[in-house]
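> Quick one, what's the 3D model for this:
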Amino acid sequence: MHRSIAITGATGFMGRVVLKRLTSMGCHVRALIRPASMHKRPTQVVPEWVTGDLEDMESLRRLVDGVDGVVHCAGVVRGAGRMDFERINVAGVARLVLAAHAQPSKPRFFLISSLAAREPHLSHYAASKRNGEKALTINAGRMPWVIFRPPAVYGPEDREILPLFRWMYRGIAPVIGSAETRISLLYVEDLAEAIVCCVKRITGVGRSYEMHDGHTGGYSWEDVIDAIARINGRTIYRIKVPVPLVRLAASLNVAVSRMCGQAPMLTPGKVRELTHPDWVGDHTALTRDTGWVPKVTLHEGLRRTLQGRYGK
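Numbering: from 1, shown residues only. This is a model prediction of the structure:
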């Protein structure tokens, strides 16, 4: 098992859970942190912090110096244009891979990608995740690597899908796109456990894994709405939102965000992602190779996420 692990994105939603899990199993963890994120450092665990970012090659060399494995959780999920995503999700991956590859030990490299990489034509984000995977495979040489393609990951500290769940919890469910749309979901602690299982067991070169919460075939949005209704014990009103209206709102959001110097939450690409009919993952290969089995059901994950944050 890897005893010295470098991690990026350790102050983010997924990364901090992975960090906690790695330290709990006795790994020495070295974590990259941007100066602007120092106030976000988790208090429960104290890794060896390396100040820098994915555009600073010197800090990346210090991060990976002598480690047995690299877990790359950092990434950009919001942006107005292609370069907003490519700068970190592609170029950042390439730099980190090159820094790791230069190590005599050739540490194993674990990349947290996204199921969106399966459909790179949908958005700048999806394309950047696919290109980030290519940046790994092209630059890794003989360095062992694993790519994870999780579906929509949720939990108490999430900022992407949680706002939608919050509306549902309060009794209003915006419904966008077709009722035939199917999505896989995964609770953040199950994602962290999947990564740990690979860190412990995977030794081969070049494996890519999808995953989900054990619900084969994914969920419809009606399934998600019904699960939240059972948790809060109240009626949730569905509001059908026409896709052209959502596209217009997305274009306006991008324009306003650019004027304000902020990354937009809703973009035309994000609308294409939301209305894509098939976001169903398959964790058969991951379970076969590592023994990982998801433990948190949709109902339990939503209960922890929503009641823990908003109470009842």
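> now the helices: where do they sit in the stretch 1-150 of the chain?
In the stretch 1-150 of the chain, the segments counted as helices under DSSP state H, counting those that start in this stretch are 13-24, 57-64, 82-89, 91-101, 124-139.
> next one: the stretch 201-312 of the chain
Using DSSP H, counting those that start in this stretch, the helices of the stretch 201-312 of the chain run over 221-232, 243-260, 268-275, 284-290, 298-302, 308-310.
> can you list contacts of the first one?
Put plainly, it is helix 221-232. 165, 168-169, 173, 175, 179, 181, 183, 185, 235-236, 238, 298-299, 302-303, 306-307, 312 (Cβ atoms under 8 Å, 6 or more residues apart in numbering). C-beta here means a position set from N, CA and C on the backbone, and glycine is covered the same way.
> just to revisit the earlier point, now distance to residue 158, mean neighbour count and mean pLDDT too, for the helices of the stretch 1-150 of the chain, in JSON lines please.
Listed next are the helices of the stretch 1-150 of the chain as JSON lines, based on distance: least, Cβ to Cβ, whole Å; neighbours: other Cβ atoms under 10 Å; pLDDT from 0 to 100:
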{"stretch": "helix 13-24", "distance to residue 158": "5", "mean neighbour count": "21", "mean pLDDT": "95"}
{"stretch": "helix 57-64", "distance to residue 158": "25", "mean neighbour count": "19", "mean pLDDT": "98"}
{"stretch": "helix 82-89", "distance to residue 158": "18", "mean neighbour count": "19", "mean pLDDT": "95"}
{"stretch": "helix 91-101", "distance to residue 158": "22", "mean neighbour count": "22", "mean pLDDT": "98"}
{"stretch": "helix 124-139", "distance to residue 158": "16", "mean neighbour count": "22", "mean pLDDT": "98"}
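> Pipe the ones you listed into TSV and attach distance to residue 292 per row.
Output for the helices of the stretch 1-150 of the chain, formatted as TSV (distance: least, Cβ to Cβ, whole Å):
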stretch	distance to residue 292
helix 13-24	12
helix 57-64	25
helix 82-89	25
helix 91-101	24
helix 124-139	20
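> re the thing from before, any of the contacts of helix 221-232 buried? List them.
Those of the contacts of helix 221-232 that meet the buried threshold are 165, 168-169, 173, 181, 183, 185, 236, 298, 302-303, 306, by 16 or more other Cβ atoms under 10 Å.
> Narrow those to those in strands?
Under the assignment DSSP state E, the buried ones among the contacts of helix 221-232 contribute 173, 183, 185 to strands.
> want to throw these into CSV with pLDDT?
Below are these laid out as CSV (pLDDT from 0 to 100):
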residue, pLDDT
173, 95
183, 97
185, 98
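> From those residues, pick the one nearest residue 44.
Nearest to residue 44 among those, counting by Cβ to Cβ, is residue 185 at 25.3 Å.
> give the contact list for the closest one.
Applying Cβ under 8 Å, 6+ apart to residue 185 gives the contacts 151-154, 212-213, 215, 218-219, 224, 298, 301.
> between the residues you listed, which is closest to residue 75?
Distance to residue 75, by Cβ to Cβ, is smallest for residue 153 among the contacts of residue 185, at 11.8 Å.
> Can you give me the neighbour number for the closest one?
25 (other Cβ atoms under 10 Å).
> ditto for residue 54
Applying other Cβ under 10 Å, we find 25 residues neighbouring residue 54.
> just residue 48 next, same as before
Every residue meeting other Cβ under 10 Å relative to residue 48 is counted, giving 11.
> For the closest residue to it other than its chain neighbours, give its distance to residue 102.
Sequence neighbours aside, residue 30 is the residue nearest to residue 48 in space, at 4.4 Å (criterion: Cβ to Cβ, 6 or more residues apart in numbering). Look at residue 30 and residue 102: by Cβ to Cβ, to the nearest Å, they are 16 Å apart.
> still on that earlier bit, pretty sure the residue nearest to residue 48 is touching residue 60, no?
No. In this structure residue 30 lies outside contact range of residue 60 using Cβ atoms under 8 Å: 11.3 Å.
> From the contacts of residue 185, keep the buried residues only.
151-154, 212-213, 218-219, 224, 298, 301.
> a markdown table please, covering those residues and showing distance to residue 34.
Output for the buried ones among the contacts of residue 185, formatted as a markdown table (distance: Cβ to Cβ, whole Å):
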| residue | distance to residue 34 |
| --- | --- |
| 151 | 27 |
| 152 | 25 |
| 153 | 22 |
| 154 | 24 |
| 212 | 31 |
| 213 | 31 |
| 218 | 35 |
| 219 | 35 |
| 224 | 34 |
| 298 | 34 |
| 301 | 29 |
